[in-house]
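Asker: predicted coordinates and the sequence they were generated for:
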Amino acid sequence: MNTLPVAVIGAGPVGLAAAAHLHSYGQPFVVFESGPAAGAAIREWGHVRTFSPWQYMVDRAAKSLLESTGWRLPDAGHLPTGDELVDRYVAPLAAHPSIAPRVRYNARVVSVGRKDFDKVRTRGRDAQPFEIRLDNGDVFEARAVIDASGTWGQPNPAGSGGVSASGERALGRVAYGIPDVGGAERERYAGKRVLVVGSGHSAFNVVLDLIALADREHGTRIVWAMRRDDLESVWGGGASDALEARGELGQRARRAVESGQIRVLTPFRIRTFEHLEVAVKVHGALRNEPVDVTVDEVIVCTGFRPELQMLSEVRLGLDAWLECPTALAPLIDPNEHSCGTVRPHGARELAHPEKDFYIVGMKSYGRAPTFLLATGYEQARSVVAKLSGDVAAAERVELQLPETGVCSTDLAIAGGGCCSTAPAASVPAEGAGCCGGPAPAGVEACCSDDAAAKAEGKSGCGCGTAEPVLLKIGAKGAR
Ligand SMILES: Cc1cc2nc3c(=O)[nH]c(=O)nc-3n(C[C@H](O)[C@H](O)[C@H](O)COP(=O)(O)OP(=O)(O)OC[C@H]3O[C@@H](n4cnc5c(N)ncnc54)[C@H](O)[C@@H]3O)c2cc1C
């Protein structure tokens, strides 16, 4: 077993960060990437500008590896597009001489399991190597597996119940993700009636790009459908967001809606897609009243979910609805904790019943929407430390994350406090975070209130476990 490599699935930024950390520990590894080059998923949204500046987009071990070849961090405050992220960081990292020979491209992993052991068999299991199968039939053995394959390939459907609406998949007029409506896909959308479905950052990007297209291409009309009951909860933390561009994106989308440039349907539940000769009729319910919308194109931006079929023979410990590792779920459940100020976490929270198997990166969040690359890098660092026997480093927290400025557990609590169990005295000071600021490094807590409570020997302030509360915009200055 000890001579076998660690297998990393996915040569995205987090898989490659894991590779850089494995290299720094002198561990043999192999990376399997389904695309023809590193960053294949990001290339599909290459035209989109990120909301995180370069300073949060680069892993520390990867940075030192790259700097040894003369590479320099691009302007720390600049917001790269997806293409820039790949061109200036992901691709050079994959090409580094310590990593390049160990990456296999056009190598889609279709199954992971223990050699000769199905999921049921226990005795002797941990001593068996992992067996990784590729779509071309090749089989590889590994002593550990880090699945960093992202979620981009598994978009959520438009159907409001989480399954495809009747007729949804049969149509050529439904696109998923963030098509480049003003560039490569311009022909398809110019002068058309377009329905955008979803209420996250991807939808904001698509709607804003369509508005820009409508300014140039007469006849382009936009209908925006969301499931949300309360539009106020859609726009994010605005000026309170520590990632300025993320806050601004929500505010630009809000201004577009308020200007009346687009027709908004909310709360709208999509029931069926009816294929007309030259258009599509979407049947849905607007505030429980039947409503039909006829458009030329539909763009579905309802988030992503993890691909778990390839892991069906792995003993996974997943949360029942988020499909993320069980211990991570309370920190990121959007029903309870909408803020992105998720406390940094690592090997301990990411562990599964299957020994030496980890899911990191975007996929580790399952269906939860608030993943940030910086989180993924911290995960990769901790997991690789654990797999390399460096327990102290695996347990250490080495990251403070930027805040969203809006947190559902911080709201609707009379007298303030970040949750129902926090004392009123913990009302965040002006300029502090929505939960009273991120937890100090080294403290196992979700925010500074939680850290203070735990330091006093209490079980915590409860913000990770607060009852669901009504969301409202949590601009700190406005509270
Ligand atoms: C439009 C957009 C904007 C974003 N902006 C930001 C931002 O500003 N800041 C931020 O912190 N985060 C941002 N994110 C979130 C997140 O950081 C990115 O999605 C990031 O790319 C996740 O990295 P990853 O390595 O986990 O997954 P990915 O980048 O998706 O990489 C996974 C890799 O695995 C490969 N793969 C998939 N399945 C298999 C398989 N079965 N076998 C082998 N290989 C496989 C894929 O081809 C891909 O190359 C953004 C996400 C999107 C979609």
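Answerer: Yep, that arrived. Quick caveat: nothing in here was measured; it's all calculated off a predicted structure.
Asker: quick one: low-confidence parts of the protein?
Answerer: For the chain, applying pLDDT under 70 flags the ranges 233, 237-240, 242, 337-342, 399-479.
Asker: just the helices in it please.
Answerer: 13-24, 40-43, 60-67, 82-85, 91-95, 186-189, 201-216, 244-258, 329-332, 347-350, 373-387, 391-395, 448-455 (DSSP state H).
Asker: out of these, which is the most enclosed?
Answerer: The highest average neighbour count among those, using mean count of other C-beta atoms under 10 Å, belongs to helix 13-24 at a mean of 27. In this view, the C-beta of every residue, glycine as well, is placed from N, C-alpha and C.
Asker: okay, the angle between that one and helix 60-67?
Answerer: Counting by axes from the mean of the first three to the mean of the last three C-alpha atoms, to 10 degrees, helix 13-24 lies at 70 degrees to helix 60-67.
Asker: could I get the helices of the chain as a markdown table with distance to Thr294?
Answerer: Converted to a markdown table, the helices of the chain look like this (distance: least, C-beta to C-beta, whole Å):
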| stretch | distance to Thr294 |
| --- | --- |
| helix 13-24 | 41 |
| helix 40-43 | 33 |
| helix 60-67 | 49 |
| helix 82-85 | 33 |
| helix 91-95 | 43 |
| helix 186-189 | 16 |
| helix 201-216 | 17 |
| helix 244-258 | 21 |
| helix 329-332 | 38 |
| helix 347-350 | 46 |
| helix 373-387 | 40 |
| helix 391-395 | 55 |
| helix 448-455 | 50 |
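Asker: could you dump the ones you listed to CSV with distance to the ligand?
Answerer: Putting those into CSV (distance: least, C-beta to the nearest ligand atom, whole Å) gives the following:
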stretch, distance to the ligand
helix 13-24, 3
helix 40-43, 3
helix 60-67, 12
helix 82-85, 7
helix 91-95, 10
helix 186-189, 17
helix 201-216, 6
helix 244-258, 7
helix 329-332, 13
helix 347-350, 13
helix 373-387, 4
helix 391-395, 19
helix 448-455, 22
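Asker: Arg133 is nearest to which of those?
Answerer: helix 13-24 (17.9 Å; C-beta to C-beta).
Asker: for the ligand, what are the nearby residues on the stretch 251-400 of the chain?
Answerer: Selection of the stretch 251-400 of the chain residues close to the ligand by C-beta under 6 Å from any ligand atom yields Met310, Gly361, Met362, Phe371, Leu372, Leu373, Gly376.
Asker: most neighbours of all the residues you listed, which one?
Answerer: Gly361 (27 neighbours; other C-beta atoms under 10 Å).
Asker: skipping its backbone neighbours, what lies nearest that residue in space?
Answerer: Closest residue to Gly361 apart from its sequence neighbours, by C-beta to C-beta, 6 or more residues apart in numbering: Val14 at 3.2 Å.
Asker: and for Gly236?
Answerer: The shortest distance from Gly236 to any non-neighbouring residue, by C-beta to C-beta, 6+ apart, is to Gly250 (3.6 Å).
Asker: can I assume that neighbour is in contact with Leu231?
Answerer: No. Counting by C-beta atoms under 8 Å, Gly250 stays clear of Leu231, with 11.4 Å between them.
Asker: tell me where the stretch 301-450 of the chain has strands.
Answerer: 357-359 (DSSP state E, counting those that start in this stretch).
Asker: how about the contacts made by the residue nearest to Gly361?
Answerer: By C-beta atoms under 8 Å, 6 or more residues apart in numbering, the contact set of Val14 is Ala148, Gly150, Val360, Gly361, Met362, Leu373, Gly376, Tyr377, Gln379, Ala380.
Asker: what sits against Ala347?
Answerer: Residues counted as contacts of Ala347 (C-beta under 8 Å, 6+ apart) are Tyr358, Ser382, Val383, Ala385, Lys386, Ala394, Glu395.
Asker: Asn335 - how many residues pack around it?
Answerer: Asn335: 12 neighbours (other C-beta under 10 Å).
Asker: which non-adjacent residue is nearest the residue of the stretch 151-300 of the chain found nearest the ligand?
Answerer: Using C-beta to the nearest ligand atom, the single residue of the stretch 151-300 of the chain nearest to the ligand is Trp152, 4.5 Å away. In space, and not counting its chain neighbours, Trp152 is closest to Ala41: 3.8 Å by C-beta to C-beta, 6+ apart.
Asker: wait, the one you found touches Pro155, no?
Answerer: No. Between Ala41 and Pro155 there is no contact under C-beta under 8 Å: 11.6 Å.
Asker: domains of this protein?
Answerer: 6-153+304-395, 174-300, 409-463 (automatic domain parsing).
Asker: let me have these in CSV, extended by distance to Gly162.
Answerer: Shown next, in CSV, are the domains of the chain (distance: least, C-beta to C-beta, whole Å):
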stretch, distance to Gly162
domain 6-153+304-395, 9
domain 174-300, 11
domain 409-463, 24
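Asker: can you list the residues of the stretch 101-250 of the chain near the ligand?
Answerer: Proximity of the stretch 101-250 of the chain to the ligand, by C-beta under 6 Å from any ligand atom, involves residues Arg108, Val109, Ala148, Ser149, Gly150, Trp152, Gly153, Ile178, Ser202.
Asker: many thanks, have a good one.
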